[in-house]
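Trainee: just coords:
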């Protein structure tokens, strides 16, 4: 296994207050004494699903080593691995706010992984569409990629 030259863990905290508000609304709506148990369990399942989504897509781990650039959400899935042998170039880019966060398909066929912010590195790949990785430290990630190239 190749030695890691760069590793970054980026967290997005904005989803957690949103989750609390959603959970409060669901719990309040289900707090009636005459609630059907099916609705109660549906509400619990919804809250658990929302918690899983928030925990999965609020953390992005990016690593660069001699073998590959890896970007993985949450517990390691979803994950994108770009072999270094496929990397043609890399450059800093600034996303527009409407590109959003999470996994996105951008105009021109570019895929993007991002948890927060607008800064990213766009990796040009041999035989494939470019891939963007959101980062809170674009210069360090870019330097790590260029050092390995």
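Mentor: In hand now; what should we look at? Only a predicted model underlies this, so the values are computations on that prediction, with no experimental measurement involved.
Trainee: nearest residue to residue 103 other than its sequence neighbours?
Mentor: Excluding the flanking residues, the one nearest residue 103 by CB to CB, 6 or more residues apart in numbering is residue 113, at 5.9 Å. Where C-beta positions appear, they are placed from N, C-alpha and C, glycine not excepted.
Trainee: where's that neighbour relative to residue 148, distance?
Mentor: 19 Å (CB to CB, to the nearest Å).
Trainee: touching the longest helix that the chain contains from outside, list them.
Mentor: Counting by DSSP state H, the longest helix found in the chain is helix 37-57. Under the criterion CB atoms under 8 Å, 6 or more residues apart in numbering, residues 12, 15-16, 18-19, 22-23, 26-27, 29-30, 73-75, 77, 101-103, 115 lie in contact with helix 37-57.
Trainee: who has more neighbours out of residue 113 and residue 148?
Mentor: residue 113 (23 against 18; other CB atoms under 10 Å).
Trainee: assumed that one was part of a strand.
Mentor: Yes. Counting by DSSP: H, G, I helix; E, B strand; the rest coil, residue 113 is found in a strand.
Trainee: what segments of this protein are helices?
Mentor: 15-29, 37-57, 138-148.
Trainee: from the contact counts, what lies against the shortest one?
Mentor: Applying 3 or more CB pairs under 8 Å, 6 or more residues apart in numbering; DSSP states H and E, we find helix 138-148 packed against strand 4-11, strand 59-65, strand 87-94, strand 119-125.
Trainee: so can I have a markdown table of the ones you listed showing mean neighbour count?
Mentor: As requested, the helices and strands packed on helix 138-148 are arranged in a markdown table below (neighbours: other CB atoms under 10 Å):
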| stretch | mean neighbour count |
| --- | --- |
| strand 4-11 | 14 |
| strand 59-65 | 21 |
| strand 87-94 | 15 |
| strand 119-125 | 20 |
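Trainee: to residue 140, which of these lies closest?
Mentor: Residue 140 sits nearest to strand 4-11 of all the helices and strands packed on helix 138-148, at 6.9 Å, using CB to CB.
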